[in-house]
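Chemist: Curious how this folds, go ahead:
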Amino acid sequence: MILPKFSVRQDKDRVYVTIHVAHVRTTSIELDIDGDQLKFSASPYYLRLTFPGKVVEDEDSNAKFDAGTGDILVTLSKQTPGEHFENLDLLTSLLATRREQANVATNAARPLIEEIGTVDNSGGIDELLERARIDEDFDWEMPQQLDLGELQVG
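Modeler: This next block holds a predicted model:
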């Protein structure tokens, strides 16, 4: 998946996300709003933004596609009108997964490499059930990275 160019701005009640995508079919565009996250996909593009506060889909929220420029303007309402979202200009923090943001907040990042021992199946069904329960907490969000060669400050 390709990370599209994007920009984010806000006023006291709304967040505006401009996503630049070239040559996409409008029928393939998908937007999903989930609390503090916006997920956008339109093959071959994918973008997941995690905001510092919660946003909601309401009657004032919308998305408009300008075929001439290839820009999609997404307007989202803030759950708490008047709230100021800090650091919207720090694109890497918007691209971070929820787990990465929680680790930064608690400064408790796990090591990137873990040593895994051999599997011993002699522990019985209780041990296997416990391992399955732990696996349910797996974080399926993949990290996104900016291509700094194409980054333009405007």
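
Chemist: So what does the residue nearest to residue 43 when sequence neighbours are not counted have for phi and psi?
Modeler: The shortest distance from residue 43 to any non-neighbouring residue, by CB to CB, 6 or more residues apart in numbering, is to residue 28 (5.3 Å). Where you see a C-beta, it was placed from the backbone N, CA and C, and this is true even at glycine. The phi/psi pair for residue 28 (degrees, to the nearest 10) reads phi -90, psi 0.

Chemist: ok, how many other residues are close to residue 28?
Modeler: Neighbours of residue 28 under the rule other CB atoms under 10 Å: 12.

Chemist: pLDDT below threshold where in this protein?
Modeler: For the chain, the stretches with pLDDT under 70 are 104-112, 118-123, 132, 134-140, 148-154.

Chemist: for it, which helix is longest?
Modeler: helix 125-135 (DSSP state H).

Chemist: partners of the residue nearest the centre of the chain in the sheet?
Modeler: By CA atoms, centre = their mean, the chain has its centre lying nearest to residue 48, at 2.7 Å. When bridges are taken as DSSP bridges, the partners of residue 48 come out as residue 39.
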